[in-house]
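In: this one's structure only:
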């Protein structure tokens, strides 16, 4: 067994001399082994030649600690001729550590993006920056890495690194989703004309008097309330009024009849509904169930329903919206020709141009081609052609031909029915189930005017054909490649490479 040498004490066969030197030769003036040629430092010496304290004896044993006093009144001379600042110790000359440098990043920036990658920057370039975003929130729900959030301006924004998975582009109704193909997949071969491919149609009004504060006949509130009372759903994602901004819509999960009645009525701006299906946000309002056992209804515009139906058709690694997106079993669409930007409608068009302020508005409605605004006393303030409010609309709405919500279970609106009543189009088995459960609470009859619904649907489609830069083709593939879109719309390919 070899004895372990003590610190500072040479082991057998070693020498204090440098290679090829003479025994006893000094290592240098700063070395603790000697103070000069062949002269050992005294064991009692406690100060090095450079003025530093010595804390180890000749046997390498640590004694009482004494710290070197810091220099005072001295600084490095960098101004005198020939003086140089201290140099940072680097890699010795002639040694190659093969360490990656920053230049590697520059080289990587020159690598072409794989063709199958589509990034959020493409969506930003072609939809958001191009003022074509309809604020449906589908991209937020589609992102499997939760990289997309909702900005202060109500538009999608990147909140962490994009992985280039393409999902946000593919499912955007103004981007990669060919929404007219989605109609055909979820409906039938004949649902590209007229009012779609309904099972049945009604004009209806709620029998109870609570519906006076609801929009038109209060049918949406009645259907949702019945589904809750019958235990068919655990909640319904609807719109509520912002506490900070009057007449600004926000997403709200209603879990009772009282919730629904309190939030009855329509708002004319989007809520980014599909971006608000995060279980963590609503968990406190839902029963303690396995997420797979939850059931929800969602009320939205046709584009929002197109988005949720497309997302539900595919199975992939979803993000925070996974559980509640899968829980949406009933999809109710509101008839819609266009929606509005909140600031431009409420702030500019009404407050600035017409002296109608948010706190003075009791109800708003778009009906018979007019924007109608009522005061808190129920008296009508204005009734103007909705075209006068064009500057406040979401420009992406011009490309939509889905006035009647082709992909919904139930569509509800005012067109085609007398004042105070709602027009109801039932399209699916789920919609029929919800209607039959609610029928007892409704006064209803056959739809007053199918012609009125079909006429407005035809007008909406004509407008979309004039606005769409790409072909309208229900038989084409469901998803549109970004490169194809860029060719039709003239947007930049690979905008993420710009500025590298």
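Out: Yes, it's here. The structure displayed is predicted, hence computed values, not measured ones.
In: contacts only, for residue 233.
Out: Residues near residue 233 by CB atoms under 8 Å, 6 or more residues apart in numbering: 224, 227, 295, 296, 297, 329, 330. For glycine as for every other residue, the C-beta is placed from the backbone atoms N, C-alpha and C.
In: next: residue 200.
Out: 426, 432, 435.
In: any idea how far residue 295 is from residue 231?
Out: Distance of residue 295 to residue 231, given as CB to CB, to the nearest Å: 9 Å.
In: which one of the contacts of residue 200 is nearest to residue 420?
Out: residue 435 (19.6 Å; CB to CB).
In: that older thread, any chance of the contacts of residue 200 in JSON lines, with neighbour count and distance to residue 385 too?
Out: Converted to JSON lines, those look like this (neighbours: other CB atoms under 10 Å; distance: CB to CB, whole Å):
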{"residue": "426", "neighbour count": "21", "distance to residue 385": "32"}
{"residue": "432", "neighbour count": "15", "distance to residue 385": "37"}
{"residue": "435", "neighbour count": "22", "distance to residue 385": "34"}
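In: measure the residue lying closest to residue 395 once chain neighbours are set aside to residue 446 for me?
Out: Nearest non-adjacent residue to residue 395, counting by CB to CB, 6 or more residues apart in numbering: residue 131, 4.9 Å away. To residue 446, residue 131 is 41 Å away according to CB to CB.
In: just residue 453 next, same as before
Out: From residue 453 to residue 446 the distance is 13 Å (CB to CB).
In: neighbour count: these two, which is higher?
Out: Using other CB atoms under 10 Å as the criterion, residue 453 and residue 446 rank with residue 453 on top: 26 against 9.
In: after the worst-scoring helix or strand of the chain on mean pLDDT, next one along is what?
Out: Every helix and strand of the chain was ranked by mean pLDDT, DSSP states H and E. The lowest is helix 103-109, at a mean of 43. Elements were assigned by DSSP states H and E; along the chain past helix 103-109, the next helix or strand is helix 120-123.
In: related to what we said a few turns ago, show me which of residue 295 and residue 231 is the more surrounded one.
Out: Comparing residue 295 with residue 231 by other CB under 10 Å, the one with more neighbours is residue 295, at 15 against 8.
In: show me what contacts the more buried one?
Out: Here residue 295 is in contact with 232, 233, 234, 327, 329 (criterion: CB under 8 Å, 6+ apart).
In: can you count the residues close to the first one?
Out: I take that to be residue 232. 17.
In: what do you get for the fourth one?
Out: The tally of other residues near residue 327 (other CB under 10 Å) stands at 22.
In: roughly how far does it sit from residue 407?
Out: Following CB to CB, the distance that separates residue 327 from residue 407 is 18 Å.
In: repeat that for the second one.
Out: In this structure, residue 233 lies at 19 Å from residue 407, with CB to CB as the measure.
In: per-domain residue ranges of the chain.
Out: 120-175+490-497, 182-478 (automatic domain parsing).
In: could you dump these to JSON lines with distance to residue 57 and mean pLDDT?
Out: Output for those, formatted as JSON lines (distance: least, CB to CB, whole Å; pLDDT from 0 to 100):
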{"stretch": "domain 120-175+490-497", "distance to residue 57": "58", "mean pLDDT": "91"}
{"stretch": "domain 182-478", "distance to residue 57": "65", "mean pLDDT": "90"}
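In: adding distance to residue 58, write the ones you listed out as a markdown table.
Out: Shown next, in a markdown table, are those (distance: least, CB to CB, whole Å):
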| stretch | distance to residue 58 |
| --- | --- |
| domain 120-175+490-497 | 59 |
| domain 182-478 | 68 |
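In: many thanks, have a good one.
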